[in-house]
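A.B. asks: Curious how this folds, go ahead:
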Amino acid sequence: EIWLASEDTGAYGIDLKTSLPDLLARLTGLLERKGSPETMLRLGMTNPPFILAHLDRLAEALRHPNMFRFLHIPVQSGSNAVLTAMNREYTVEQFSLVADYMLKHVPGLTLATDIICGFPGETDEQFEETLALVRKYRFPVVNISQFYPRPGTPAAKMRRVPTQVAKARSRALTALFESYEPYDALVGQVLPVWVSEEVSRDGAQTVAHTAGYVKVVLPRDDALRGRRLAVRVTAAAKFHVVAEPVADSDAA
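C.D. replies: So this is what the prediction gives:
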């Protein structure tokens, strides 16, 4: 499992006269030539602006059998007014353009995002726009945080939203996120998974991931490490699914 990480992976290549899709094509081509179906690439966080011009090629790359179908695109707020105050170089509409295209053209994509609650000046109405965005996409992964003023930034000098209001918004967003089950549809399906070296905290389960990078827990079997195999999903939780190996599954 190879992670490609950066503060913004979508910006890769701007100074090198190349692009992120070019890099992914080279890497997946190398894995193809080596015949490595058990080796998977996972793309790190990317902001909307730098990938808007490459949506078709990025979708093509994520459909490659050596790529996890996982994309982390932070939206931060569902309000354009708040995004402008944050000095974000994109709009909610541009985020939605990226999200809609990738979800349509990459079957089984897991779309993760980040949201900040209580940015200075955020109104109740603007926060409602954020809730509406989460209701629309039902993100399976949402990293929720309250605004924290970093010294030396323009936001640190802005008038802050009262702490109790920011906390209430964080609780409301968390409650919304916890109100839906993103992985229920996987129950009963037979899926290929890639087994890592990770085990559960109690040591009783082996951890794997689906092509969409959904966490899968299996009965502990260290012999499965580093393998690709087929499993049948037997149950779903908020952050993972439970599965069992399917007999004779090496050809998954």
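A.B. asks: any idea how far residue 11 is from residue 72?
C.D. replies: 14 Å (C-beta to C-beta, to the nearest Å). Backbone N, C-alpha and C define where each C-beta goes, glycine included.
A.B. asks: out of these two, which sits in the busier spot?
C.D. replies: Each of residue 72 and residue 11 has its neighbours counted (other C-beta atoms under 10 Å); residue 72 has more, 19 against 16.
A.B. asks: Can you verify my assumption that that one contacts residue 42?
C.D. replies: No - at 9.4 Å, residue 72 and residue 42 do not qualify as touching, with contact defined as C-beta atoms under 8 Å.
A.B. asks: Show me whatever sits in contact with both of these two.
C.D. replies: Common neighbours of residue 72 and residue 42 are not found (criterion: C-beta atoms under 8 Å, 6 or more residues apart in numbering).
A.B. asks: and residue 128, how many neighbours?
C.D. replies: Residue 128 has 14 nearby residues by other C-beta under 10 Å.
A.B. asks: What segments of this structure are strands?
C.D. replies: 2-4, 41-43, 70-72, 110-117, 141-146, 190-199, 205-210, 215-219, 228-236, 241-245 (DSSP state E).
A.B. asks: Of all these, which one is nearest residue 102?
C.D. replies: strand 70-72 (5.9 Å; C-beta to C-beta).
A.B. asks: helices and strands around that closest one, which ones?
C.D. replies: On a contact count with 3 or more C-beta pairs under 8 Å, 6 or more residues apart in numbering; DSSP states H and E, strand 70-72 meets strand 41-43, strand 110-117.
A.B. asks: quick one: average pLDDT of the shortest one?
C.D. replies: Across strand 41-43, pLDDT averages out at 97.
A.B. asks: could the strands of the chain be laid out in TSV, adding distance to residue 125?
C.D. replies: Shown next, in TSV, are the strands of the chain (distance: least, C-beta to C-beta, whole Å):
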stretch	distance to residue 125
strand 2-4	38
strand 41-43	34
strand 70-72	28
strand 110-117	14
strand 141-146	19
strand 190-199	41
strand 205-210	38
strand 215-219	36
strand 228-236	35
strand 241-245	37
